[in-house]
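# Sequence isn't available, so here's the structure alone:
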């Protein structure tokens with residue numbers, strides 16, 4: 001993901017975000033396809049209900065790491081973009097360890113709860 005230094009650029013982050021979104025889209029499409037198959041299957045109701053629960057659990061498990069990663073990438077991108085807008089030097093610009101950015105100036109951005117919490 002990182003081009004030249006130890007810290008990502010906006011382009012690096014945008015590419016990583018696009019990869020995560022593509023992965024999530026594939027996971028969603030696969031889940032919808034499996035659910036359609038299950039709906040059309042003429043098996044016993046109890047078996048279908050059991051399989052539906054397993055499909056949903058698998059879907060949530062597959063999505064979770066990607067959603068968390070996407071939120072992390074988004075947070076990194078927002079901090080970097082805000083630093084660029086204000087003209088502050090970032091670690092990516094300087095190659096240093098936070099030159100020009102005091103931790104108190106950085107916003108504490110957290111992903112929305114719905115993105116990382118389980119539905120149960």
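Done, it's in. All values derive from a computational prediction rather than experimental measurement. Numbering: from 1, shown residues only.
# so residue 14 makes contact with residue 77?
Yes. Contact criterion CB atoms under 8 Å: residue 14 and residue 77 qualify, at 7.1 Å. Bear in mind the C-beta positions are built from the backbone N, C-alpha and C, glycine included.
# Pick out whichever of those two has more residues nearby.
residue 77 (19 against 13; other CB atoms under 10 Å).
# tell me the contacts of that one?
Applying CB atoms under 8 Å, 6 or more residues apart in numbering, one finds that residue 77 lies in contact with 10, 13, 14, 17.
# Now name the helix or strand holding it.
helix 45-86 (DSSP states H and E).
# Please report the number of neighbouring residues for residue 25.
By other CB under 10 Å, 10 other residues sit near residue 25.
# List the buried residues for the host helix or strand of it?
Assessed by DSSP H and E, residue 25 sits inside helix 10-40. Residues 12, 13, 16, 17, 20, 23, 24, 27, 31, 34, 38 are the ones in helix 10-40 that count as buried (16 or more other CB atoms under 10 Å).
# from memory the last one sits against residue 51, does it?
Yes. With contact defined as CB under 8 Å, residue 38 and residue 51 form a contacting pair (5.8 Å).
# Residue ranges in the protein under the pLDDT threshold?
1-7, 88-120 (pLDDT under 70).
# cutoff 90 now
1-11, 79-120 (pLDDT under 90).
# Is it correct that residue 24 is in contact with residue 63?
Yes. Counting by CB under 8 Å, residue 63 is a contact partner of residue 24 at 6.5 Å.
# list residues touching both of the two?
Overlap between the contact sets of residue 24 and residue 63, as judged by CB under 8 Å, 6+ apart, is nil.
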